[in-house]
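Visitor: Need the 3D shape of this:
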Amino acid sequence: MKGNAEWALALVMASEGGCVDDPADPGGCTHFGITQMTLSEVRGHPVSRSDVLALTVSEATSIYRTRYWDKMRADDLPSGLDYVVFDASVNSGFKQASLWLQSALEAPRDGVIGPMTLALAEKADVSRVIQTYCDLRLAALRKLPTFNRFGRGWESRVERVRRDALAFAHHSAPSPPPLQKELITMEQTQSIFQSRTVWSNIIGFGAFILSLTGHGASLDTGQLTDSIMQVITAGSFVASTLFRILSTKKVAV
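Guide: As a prediction, the model looks like this:
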């Protein structure tokens, strides 16, 4: 539906993530889900891996809009169903995404979203079609030879799409689009160093180092017990700091 593109684009970009170069992935090196082959086609000439890694959010968004959202005629599909079809086209290609839609609508299957398919979508029970579409997509993904490697992530993605699409179909406010992972990492770093716990532990550990070294003086036997206790205390500072950092990361994610 018109007006939904920005919402759907944000969710797809969040699912695709940043730079990925998994040898087991037939798509090869990708950035924001855009493959080297796709970027070459868009620019009209072969591109390098470094070109893919340098891809901007602005260009990636433009590619998604013209090559997927517009091509799938998502502006003409009901709310929720537009996102389901769009995400599938990004993940599995335009033709396959179109065939799943036509199967879910019980329409003639030619892999092209035309007037007949759109008319059936407009009259259909959108929630039912979304459920059927996601079930068809999952069934097809489970048959792929790379399912053992990527299946868990694919299943999680389809279930997220199902949930968000159904919410939007029922006119519920969708979840705010997630931030890019790079931005989340920056927020995590900021929250860690704003923590009073971390700073107090750093100060305490620094005080231990000063007392232990005695500004260069060596330890005598009488100081040994005190030094051992100080080591234990310092260890607790370090452990507490690490625990705080890990806990902050988990909350941010």
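
Visitor: ok, Arg109 to Ala124 distance?
Guide: Arg109 sits 16 Å away from Ala124, going by C-beta to C-beta, to the nearest Å. From N, CA and C alone the C-beta is placed, and that goes for glycine too.

Visitor: which one of those two has more residues nearby?
Guide: Just comparing Arg109 and Ala124: by other C-beta atoms under 10 Å the higher neighbour count belongs to Ala124, 18 against 14.

Visitor: The more buried one contacts Leu105, doesn't it?
Guide: Yes: the criterion here is C-beta atoms under 8 Å, and Ala124 meets it with Leu105 at 5.9 Å.

Visitor: what's the overlap in contacts for the two?
Guide: Here Ala124 and Leu105 share no contacting residue, scored by C-beta atoms under 8 Å, 6 or more residues apart in numbering.

Visitor: tell me the pLDDT at Gly28?
Guide: What the model reports as pLDDT for Gly28 is 70.

Visitor: That one touches Asp21, doesn't it?
Guide: Yes: between Gly28 and Asp21 a contact is recorded at 7.3 Å, counting by C-beta under 8 Å.

Visitor: Look at Phe86 and give its secondary structure.
Guide: Under DSSP: H, G, I helix; E, B strand; the rest coil, the three-state class of Phe86 is helix.

Visitor: residues contacting it?
Guide: Phe86 neighbours (C-beta under 8 Å, 6+ apart): Ala8, Val12, Tyr68, Trp69, Met72, Ala74, Ala97.

Visitor: Please confirm that Ser98 is located within a helix.
Guide: Yes: assessed by three-state DSSP, Ser98 belongs to a helix.

Visitor: CA atoms only: put the host helix or strand of Gly153 into CSV for me.
Guide: In this assignment (DSSP states H and E), Gly153 forms part of helix 147-169. Output of helix 147-169 as CSV, limited to C-alpha atoms (Å, rounded to 0.1, in the frame of the first residue of the first chain):
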residue,chain,number,x,y,z
PHE,A,147,19.1,-25.0,5.1
ASN,A,148,21.2,-26.8,7.6
ARG,A,149,23.7,-23.8,7.5
PHE,A,150,21.2,-20.9,7.4
GLY,A,151,17.9,-22.4,8.3
ARG,A,152,17.6,-21.2,11.8
GLY,A,153,18.1,-17.6,10.7
TRP,A,154,15.6,-17.9,7.8
GLU,A,155,12.9,-19.3,10.1
SER,A,156,13.4,-16.5,12.6
ARG,A,157,13.2,-14.0,9.8
VAL,A,158,10.0,-15.4,8.3
GLU,A,159,8.3,-15.5,11.7
ARG,A,160,9.3,-11.9,12.3
VAL,A,161,7.8,-10.9,9.0
ARG,A,162,4.6,-12.9,9.7
ARG,A,163,4.2,-11.1,13.1
ASP,A,164,4.8,-7.6,11.8
ALA,A,165,2.8,-8.1,8.7
LEU,A,166,-0.2,-9.3,10.6
ALA,A,167,0.0,-6.4,13.0
PHE,A,168,0.1,-3.9,10.2
ALA,A,169,-2.8,-5.7,8.4
